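**Student:** whatever this is, show me its structure:
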Amino acid sequence: MKKIKVVQIVGEKTMVGIARHVLLLSKELKKQGHDVSAIVTPGPVANQFKKSKIPCHCVKFKAFLNRRLYHEIRDIIASIKPDIVHCHGNQAGWQGRLAVRRLPEIAVVYSEYHFTKDFSIRNPVWREFHLRSMTLLNQFTDITIATSPSIKRYLISRGLSRRNRTVILPCPVELRFLKNKRYKKPEEVPQIIGAIGSLNPHNGYLWLLQALFLMRKIDKHSNWRCQIIGSGPLKKTIRKKIKKLKLTKHVEMFSSLPNPLSTMRHFTYYVQYSSSESTGIRLLEAMALGVVPICSDRGALADIVKNNKNGVLVPLGRPNELASALQALIKDKEKHNKLSANARATVTKHYSVRDIGKRLELIYSKALKIRHFKQDQETR
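**Tutor:** You can find the predicted model right below:
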């Protein structure tokens, strides 16, 4: 494939989620011989890009309506003269697409990571602003990437993106997760039920604790432990709930995850009982290691996990069914081994960074064809 010059724009301040995803893709594109640079926030994100030898320009992403920032980004893009500008997430999508709208020779790709029918912004005015701005900015976009089928369905149903210019490209899983497997432990060692994510109401931790309480009630001799990893506003509430349900010997809480791979290799099961999930990157990492997922039937979780094939789906808000699903898997080793193998195979086949990188190349080629067609139409 012809060498493509790409500028990635990321507005995140921390090296998690979107920023981590973009760095992975940038490194893969660079391996494939493309010219990749980035416009990012100063600090941890810029440091990681520089460490990976991805040229980057630092700007401070502030308010959405900031004309000075548009001009700053536009001047950087004009100096680089890329073939494609790829904007990631709402803030970079807003600032980046406005900045490039008067540079007609450059193709524009936008990646949406959040909006599904279950995703909610508490402030209805702010939510409406986001949706209207997405409709406006769609006219400056050649290709919109949805990171899950749930996002694509929502964007098209709301008229936020054109069907023929919307494609699905999931977040990739790092090769190191595929090169490793979960630890196989002796039967006398407790099986670990892992849950990772911010301690917010939508992540369903209180339902998980209720399910664990029911499991203890059904079988007091079942040999398992649960590790909840994350921080957020529900931290104190969750600790109180653990004490109230007398689960202190069975549930541990950790605020951070310094080494995700090492920690997740100890898991036997991974529970993500969220009311809204757009990308499911931690879920995919767990599956890559052969950890069996038990998830709610919402958003990207239901897109990734096929019930009783590569994991188990449980309807949201039913802790008794979640308890039954976990208890059944703990007792049925044959089913557990089958789901574990299928979970790993799913990620290997569809979510490796190499595969996603190749698919992104094809998306960029399509965006360039659309942009060249537009220019031809305008010159006639």
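
**Student:** show me the contacts for the residue nearest the centre of the chain.
**Tutor:** Geometric centre of the chain, nearest residue: Thr279, 3.4 Å, by C-alpha atoms, centre = their mean. Thr279 makes contacts with 17, 21, 113, 147-148, 170-171, 300, as judged by C-beta atoms under 8 Å, 6 or more residues apart in numbering. All C-beta spots, glycine's among them, are computed from the backbone N, C-alpha and C.

**Student:** try it again at 10 Å.
**Tutor:** 17-18, 21, 113-114, 147-148, 150-151, 170-171, 299-300, 303-304 (C-beta atoms under 10 Å, 6 or more residues apart in numbering).

**Student:** show me what the helix or strand harbouring Ile356 is packed up against.
**Tutor:** Per DSSP states H and E: Ile356 is located in helix 353-379. With contacts defined as 3 or more C-beta pairs under 10 Å, 6 or more residues apart in numbering; DSSP states H and E, the packing partners of helix 353-379 are helix 18-31, strand 84-88, strand 107-112, strand 143-146, strand 166-168, helix 175-178, helix 333-350.

**Student:** tell me the mean pLDDT over that helix?
**Tutor:** For helix 353-379, mean pLDDT rounds to 85.

**Student:** and the angle for that helix with strand 84-88?
**Tutor:** Using axes from the mean of the first three to the mean of the last three C-alpha atoms, to 10 degrees, the inter-axis angle of helix 353-379 relative to strand 84-88 is 120 degrees.

**Student:** could you check helix 353-379 and say which residues are buried?
**Tutor:** 353, 355-357, 359-361, 363-364, 366-368, 370-371 (16 or more other C-beta atoms under 10 Å).

**Student:** cool, and stretch 42-60?
**Tutor:** 45-46, 48-49, 54, 56-57, 59.

**Student:** now, which of the residues you listed sits nearest Ile80?
**Tutor:** His57 (8.2 Å; C-beta to C-beta).

**Student:** give the pairing partners of the host helix or strand of the closest one; include direction for each.
**Tutor:** In this structure, His57 is located in strand 56-58 according to DSSP H and E. Sheet pairing for strand 56-58, assigned by DSSP bridges, gives strand 35-40 (parallel).

**Student:** next SSE after the partner strand?
**Tutor:** Next along from strand 35-40, by DSSP H and E: helix 44-51.

**Student:** now that following helix against strand 35-40, angle please.
**Tutor:** Going by the same axes, to 10 degrees, helix 44-51 makes 160 degrees with strand 35-40.

**Student:** and the angle from helix 44-51 to helix 18-31?
**Tutor:** Using the same axes, to 10 degrees: helix 44-51 against helix 18-31 is 10 degrees.

**Student:** picking up where we left off before, let me have the buried residues of helix 353-379 in TSV, extended by distance to Met287.
**Tutor:** Output for those, formatted as TSV (distance: C-beta to C-beta, whole Å):
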residue	distance to Met287
Val353	15
Asp355	15
Ile356	15
Gly357	19
Arg359	19
Leu360	21
Glu361	25
Ile363	24
Tyr364	28
Lys366	29
Ala367	30
Leu368	34
Ile370	34
Arg371	36
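
**Student:** alright, that wraps it up for me.
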